[in-house]
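K.L.:
the sequence and its predicted three-dimensional model are supplied below.
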Amino acid sequence: MAESFMQQLIASLARRTPVLDESVPSRTGSSDTTERSRRPAKPHLLAEDRHDFERTLDEVFAAEAPGRPARLDVEQLRTMALAASEPIAATAASEYAHYVEVREQAKNPRGSEAHITDSASAELPGASLTAVLAVLTPVLFGTATVIFLLVGYVLGMANPKPSVASTLLTVGWSFSAATAASLLIGMIGLLLVALRNRPSYEEWARNEEVAAARDAWRQALRRRGIEPFLREVRHAVSSLDHDQAP
């Protein structure tokens, strides 16, 4: 009984909803197959964007008023929408194509931007060496400071006091000053590396353009694809219930 109801629902949707016309198998023969083969291929939904499709679908369900009586619950409607994700996504094909194009341009900059990226990548070993030295140098100087001062003070407590104790204390305080200087120089070096490797204005602008294109695609997907699909599904269910009523 449930299977029969779903078959009737799909047939009703195929008659009512242009979005699903291509997703329902046709039984009219080879002429329909030839006609479909002549149509330009619609852009498909990439696997990496299916999460955004599902998120947009969930937002539509969350925005609906709760407590609405319905023969199909949210999970059933969600399953049907995911099964028809390709034709639904085709309703926002132009926005999706623009979003994919902008995203690819942001991932693979060309021309002078690519040259700048290559130059920055070539400078990464020097930046890494600066970061390593900025961390290791104060540690080494600090360790030497502790050793020389500790040994110098221990020897200074001996009686008679050896002359090498004063020398060790002098060297220890010298390493202490070197430790403070290396800390200051290391912080300045790390700051310069961070400033040199920070994202440029062009990269920031590309990220903003990608985000705007993504939002435009999701809004178009919601208005022209998901919401009309859900309305037609509910309308088809109501029509089937009315036709089957005694």
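P.N.:
Looks like it arrived, so ask away.
K.L.:
how about low-confidence regions in this protein?
P.N.:
Applying pLDDT under 70 to the chain flags the ranges 1-44, 65-71, 109-128, 130, 197-205, 240-246.
K.L.:
just the helices from the protein, written as ranges.
P.N.:
Ranges of helices in the chain, per DSSP state H, are 2-16, 30-38, 50-63, 74-83, 85-90, 93-107, 112-122, 124-156, 163-197, 201-221, 227-244.
K.L.:
most tightly packed of these?
P.N.:
Mean neighbours per residue, mean count of other C-beta atoms under 10 Å, is largest over the helices of the chain for helix 85-90, with a mean of 20. C-beta coordinates here come from the backbone N, C-alpha and C atoms, glycine included.
K.L.:
that one - contacts with which helices or strands?
P.N.:
helix 50-63 (3 or more C-beta pairs under 8 Å, 6 or more residues apart in numbering; DSSP states H and E).
K.L.:
so which elements touch the helix it packs on?
P.N.:
helix 74-83, helix 85-90, helix 201-221.
K.L.:
would you list the ones you listed in JSON lines and tack on distance to Trp173?
P.N.:
JSON lines is the format used below for the helices and strands packed on helix 50-63 (distance: least, C-beta to C-beta, whole Å):
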{"stretch": "helix 74-83", "distance to Trp173": "71"}
{"stretch": "helix 85-90", "distance to Trp173": "71"}
{"stretch": "helix 201-221", "distance to Trp173": "47"}
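K.L.:
out of the ones you listed, which is closest to Leu192?
P.N.:
Minimum separation from Leu192 across those (C-beta to C-beta) falls at helix 201-221, 19.2 Å.
K.L.:
contacting residues around the closest one?
P.N.:
52-53, 56, 88-89, 91-92, 94-96, 98-99, 102-103, 105-106, 109, 113 (C-beta atoms under 8 Å, 6 or more residues apart in numbering).
K.L.:
out of the helices and strands packed on helix 50-63, nearest to Phe141?
P.N.:
Set against Phe141 and scored by C-beta to C-beta, the helices and strands packed on helix 50-63 come closest in helix 201-221, at 37.4 Å.
K.L.:
what's the angle between that closest one and helix 227-244?
P.N.:
Put simply, helix 201-221 runs at 10 degrees to helix 227-244, going by axes from the mean of the first three to the mean of the last three C-alpha atoms, to 10 degrees.
K.L.:
pull helix 201-221 out as CSV, backbone CA atoms only.
P.N.:
Extracted C-alpha coordinates of helix 201-221, given in CSV (Å, rounded to 0.1, in the frame of the first residue of the first chain):
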residue,chain,number,x,y,z
TYR,A,201,44.1,42.4,-0.2
GLU,A,202,43.6,40.4,-3.5
GLU,A,203,43.3,37.2,-1.5
TRP,A,204,40.9,38.8,0.9
ALA,A,205,38.8,40.1,-2.0
ARG,A,206,38.7,36.7,-3.7
ASN,A,207,37.5,35.0,-0.4
GLU,A,208,34.8,37.7,-0.1
GLU,A,209,33.7,37.1,-3.7
VAL,A,210,33.6,33.3,-3.2
ALA,A,211,31.5,33.8,0.0
ALA,A,212,29.1,36.1,-1.9
ALA,A,213,28.7,33.7,-4.8
ARG,A,214,28.1,30.8,-2.4
ASP,A,215,25.3,32.8,-0.6
ALA,A,216,23.7,33.8,-3.9
TRP,A,217,23.7,30.2,-5.1
ARG,A,218,22.2,28.9,-1.8
GLN,A,219,19.5,31.6,-1.9
ALA,A,220,18.6,30.8,-5.5
LEU,A,221,18.6,27.1,-4.6
